[in-house]
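A.B. asks: Sequence first, then the predicted structure:
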Amino acid sequence: MNRRSFLFVESNTTGTGELLMKRARLLGFETYLVTRNPARYPFLKDSVAQVIEAETRSPDELVGVAMKLSGLAGIYSSSDYFVEAASSAAMAMGLPAANPEAIATCRNKWKQAAELQRQSIPIPEARLATSVRDVENILAQATLPVVVKPVSGSGSSGVRLCDSAAAAITAFDSAKSVLQDQVDLPSPDILIQQYVEGEEYSAEIIACDGTLHCLGILAKHKGPPPCFVEVGHDFPAPLSEPSRQELASFAAGAVSALGLNFGPSHVEFVITESGPVIIEVNPRLAGGMIPVMLSHALATSILDMVIKLYAGEGFTPPHASARAGAIRFRLAPTSGKLKRLSFSRNPDPTVPEAGLLKSEGGDVQIKGDFRDRVAYAVGVADELDAAAAAADRMIDSIEIDIETAAGESDKQDPRLGEGRWALHPEAMKLLAPPIEISRDGRVLQHQAAIDEAHLVMLADQGLVSQAAAADLLKHILDLQDEGFQSLEGREAPRGLYLAYEAELAARSSPEKAGWLHLARSRNDLNATISLLVLREAACSISQQIGIAQGALLQRVEEASRLVAPLYSQYQIALPGSPAHYLLGVFFALGRERKRLHSLLEDIRNCPMGAGAGGGTSMQIDPSKTASLLGFELAPFNSLDAVASRDHQLQGLSVFASVSILLSRVAQDLQVWTTREFALVDIPHNLAGGSSMLPQKKNPFLLEHIKGSASTVIGAYVSAATATCKSPFSNSIEASNYGCSPLRLSEEALKRAIILTSLVVKYMSFNVQSMRQNLEDGTAMTTVAAERMASRGVPFRKAHTLIGEITRRLFLGSSVAERRSELASQLPGVLPTNLEECRDALQFGGGPGRRSICDQVSAAKMLFRDAQLKCEDIHERWAHAEMHRKQKVKELIDGHPAA
């Protein structure tokens, strides 16, 4: 009897493509892969399928291939780019398939968005761009940040988070070619989507016979922005069961709205403050090894389900009972040749699957998408924390060694008249190391922005010819588009700026590049860069504080119903609540955030035009330069413009104040996690173990938060010390040593805020422990004394009387006996329970329920105002950037042959 055959149309190169073919063979099918390019699939050497070469983008050619196969049972593609063609071929052959038109709508993210919006499914605001002008027009009306993505992309390829117009334009250009590199497909249409804040999840759905079955809701972990590489998934998502059911229904509604009535769908969505929002619906099985993890957790092969479904054998949902699962990925840290890649430990029973996605000896190129993954590990256990910990342990054991390409440090720069200043080699090693884009790229971006504004101003004033300005601006844009990679490893004996200018001279000409420095000095240039860096850092920290405040508010509602000790000098003072403590931290953070916004409002004058400190004789328009860089005013006093560093010191002072606050909070939480206090518990994935003590659980993130404060405070002291002994003019002490600590401070503080947000968000309250030391009633005696005072007994007398009563209590007696004794000694004034006592403390900002309600209302209003203020500041800068880019474009367009 002939075996039935199963045809796969192309495949994903990592993930489940190879596994699907292996499972089909194990199910008894003769397995075929039709592809345009077999070389794309290294796993074919293992004979997982018989290969047929054909044009897979043509349904007609696929049908021709299918007709030659005997006993064909099904056609399927695990690749996003070929699901439509595979579906069309299957339908033409009378085989099970989804509606190709529905898949086409779904695969085009612009059409998908329009259809979902038409059916009132919540989605982020989205616009279509086919040119840079489209991008500029869209950003003129959008609120930053935005997400730029190819309309028909997959695997996060070309998807970038952009918080500036320049970043969005760069991402647009990159996204247009990203699919050509992968599957030789053009992507002229690019989607610009409003970025949506919130936790990300996915729903895995299979449709059969008009019924949608949700296999589960997963929580998603992402790598660092601006990319959206998925680095982990948790199943089931740590939500209540009713919430998961509601989200399953919500996701199924989106699938149904798109007409996907057959086969698997992978639905990605974000839960915002106003509810879930669909990010995108993918008409295929989830990627990223999710089906493998689900198969282990559900004890049913998801891959077998899909193969049987497309072979016409129907669909049987998995059993309701399931274990928890987690998957974690390791990303390549850098590009280069992969010399070593291996796990340093063997998987234990809680890790049923772990594997390498790259091979030693091969090249790794950082792409900012799924191709950056080098290994994965799946953890399965009865509890999600245990499953996640197992996957984390396994993936953390990866040993990786990548040999990076040697830099081109031997290139010689034209010195533009600086050749006589040849720095001694030993001094150069210490003071002028070769350029590293990872370290210097931020400054180079600001340098390029200042150059754009300066050249536009010079051309408008007639001080530089528009043709020369246009030519230089073209090269500056090229450098930005290239990420300044031509400067990587370049020697910079006279500093970053002159090496950058030398590169422009090499690309244009020394004569043209020489105009760039007209009417300016490195003094006003460095002062301006330092303010741009400070603005960016202060805004970034404000945004992180906003996230921390959001996490605090999120826990307040839950915590307001609880009773907990309120401590004074580590001694129990009164019954309070965790909400009262969290709100206290919230308001303290809010004042620090307000100080940052005041600082940003106060950075009004742009130093450009001040020259070396004495201005210039050229008839420049520094107000125009200032406006193009997002400042309000030109320098008023040229010496003040280049000499003062009060803004930097103020910023570092606020950073230090925030770090001190977070360190105090971490100190409290660390004490409260001890067995002696046991008020809060930190989850395992935010804690560590001991190398010697098997029972020990270390909340070490809290120590990092406290330790970060020393770095931030040290940065302020370092900057202040460097500045205090420098002359009131431009000097290396003030401009270098007085400003350079900012970056270290920002990184340390951002780390502390993020860690604090994580701990606040995921810590749990030990309700019983919080009540335990309050139950004897002694903490309620202050309220009893105040009640006696309200009845005419002088407070000091009441205080003395109750103090004597509490001292006479026999500590060897039980809690109930001490409470009973107090009640008998203080009839009618001792609160009957802890909640009554807590809620009596409603004046002076106490933890009483009425007081907390007022505080929450005020907190929400302050939070909203701060968020709007931060957005307003960011929008002003974005508007200035767009205006500057438009002026640059007009200059270049006006001189195409420049």
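C.D. replies: That came through fine. Numbers count the residues shown, from 1 in each chain.
A.B. asks: Please report the distance of residue 127 from residue 880.
C.D. replies: 22 Å (Cβ to Cβ, to the nearest Å). The way it works is simple: take the backbone N, C-alpha and C, and place the C-beta from them, glycine included.
A.B. asks: again, but for residue 68
C.D. replies: 63 Å.
A.B. asks: of those two, who's got more company?
C.D. replies: residue 880 (19 against 9; other Cβ atoms under 10 Å).
A.B. asks: The nearest residue to that one once chain neighbours are set aside: neighbouring residues, count only.
C.D. replies: In space, residue 880 comes closest to residue 630 once its chain neighbours are excluded; the distance is 3.7 Å by Cβ to Cβ, 6 or more residues apart in numbering. Residues lying near residue 630 (other Cβ under 10 Å) number 22.
A.B. asks: got it, and the one 5 residues further on?
C.D. replies: The local packing of residue 635 (other Cβ under 10 Å) involves 25 other residues.
A.B. asks: can you point me to the longest helix in this protein?
C.D. replies: Identified as the longest helix of the chain according to DSSP state H is helix 849-894.
A.B. asks: So what's the model's average confidence on that helix?
C.D. replies: Mean per-residue pLDDT for helix 849-894: 94.
A.B. asks: tell me what it is packed against?
C.D. replies: Using 3 or more Cβ pairs under 8 Å, 6 or more residues apart in numbering; DSSP states H and E, the elements in contact with helix 849-894 are helix 132-141, helix 165-183, helix 437-460, helix 466-481, helix 522-559, helix 578-602, helix 622-628, helix 834-840.
A.B. asks: switch the cut-off to 6 Å
C.D. replies: Other helices and strands packing on helix 849-894, by 3 or more Cβ pairs under 6 Å, 6 or more residues apart in numbering; DSSP states H and E, are helix 165-183, helix 437-460, helix 466-481, helix 522-559, helix 578-602.
A.B. asks: can I get those in TSV with mean neighbour count and distance to residue 27?
C.D. replies: Converted to TSV, those look like this (neighbours: other Cβ atoms under 10 Å; distance: least, Cβ to Cβ, whole Å):
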stretch	mean neighbour count	distance to residue 27
helix 165-183	20	28
helix 437-460	21	49
helix 466-481	20	50
helix 522-559	21	46
helix 578-602	19	54
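A.B. asks: can I get those in JSON lines with mean pLDDT?
C.D. replies: Listed next are the helices and strands packed on helix 849-894 as JSON lines, based on pLDDT from 0 to 100:
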{"stretch": "helix 165-183", "mean pLDDT": "74"}
{"stretch": "helix 437-460", "mean pLDDT": "93"}
{"stretch": "helix 466-481", "mean pLDDT": "91"}
{"stretch": "helix 522-559", "mean pLDDT": "94"}
{"stretch": "helix 578-602", "mean pLDDT": "96"}
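A.B. asks: export the host helix or strand of residue 502 as CSV, just CAs?
C.D. replies: In the assignment (DSSP states H and E), residue 502 maps to helix 496-507. Taking C-alpha atoms only, helix 496-507 is exported to CSV below (Å, rounded to 0.1, in the frame of the first residue of the first chain):
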residue,chain,number,x,y,z
LEU,A,496,36.4,63.0,18.4
TYR,A,497,35.2,66.1,16.6
LEU,A,498,38.4,66.6,14.5
ALA,A,499,38.4,62.9,13.5
TYR,A,500,34.7,63.3,12.5
GLU,A,501,35.6,66.5,10.5
ALA,A,502,38.5,64.7,8.8
GLU,A,503,36.1,62.0,7.6
LEU,A,504,33.8,64.6,6.1
ALA,A,505,36.9,66.2,4.4
ALA,A,506,37.8,62.9,2.9
ARG,A,507,34.3,62.4,1.6
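A.B. asks: just the helices in the stretch 151-300 of the chain please.
C.D. replies: Assigned helices in the stretch 151-300 of the chain, in chain order: 165-183, 241-257, 290-298 (criterion: DSSP state H, counting those that start in this stretch).
A.B. asks: Can you check the distance spanned by stretch 670-689, start to finish?
C.D. replies: End-to-end span of stretch 670-689 (Cα to Cα, to the nearest Å): 15 Å.
A.B. asks: Can you name the residues in contact with it?
C.D. replies: For stretch 670-689, the external contacting residues (Cβ atoms under 6 Å, 6 or more residues apart in numbering) are 385, 388-389, 697-702, 758, 762-766, 769-770.
A.B. asks: Which ones among the residues you listed map onto helices?
C.D. replies: Using DSSP H, these in helices are 385, 388, 389, 700, 701, 702, 758, 762, 769, 770.
A.B. asks: Need the buried ones from the residues you listed selected in ChimeraX.
C.D. replies: With 16 or more other Cβ atoms under 10 Å as the burial test, the buried ones among the ones in helices among the contacts of stretch 670-689 are selected in ChimeraX as follows:
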select :388,389,700,701,702,758,769,770
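A.B. asks: how about JSON lines for the ones in helices among the contacts of stretch 670-689, with distance to residue 348 and pLDDT added?
C.D. replies: Below are the ones in helices among the contacts of stretch 670-689 laid out as JSON lines (distance: Cβ to Cβ, whole Å; pLDDT from 0 to 100):
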{"residue": "385", "distance to residue 348": "16", "pLDDT": "91"}
{"residue": "388", "distance to residue 348": "14", "pLDDT": "92"}
{"residue": "389", "distance to residue 348": "11", "pLDDT": "91"}
{"residue": "700", "distance to residue 348": "23", "pLDDT": "90"}
{"residue": "701", "distance to residue 348": "25", "pLDDT": "92"}
{"residue": "702", "distance to residue 348": "28", "pLDDT": "94"}
{"residue": "758", "distance to residue 348": "26", "pLDDT": "94"}
{"residue": "762", "distance to residue 348": "24", "pLDDT": "93"}
{"residue": "769", "distance to residue 348": "32", "pLDDT": "92"}
{"residue": "770", "distance to residue 348": "35", "pLDDT": "92"}
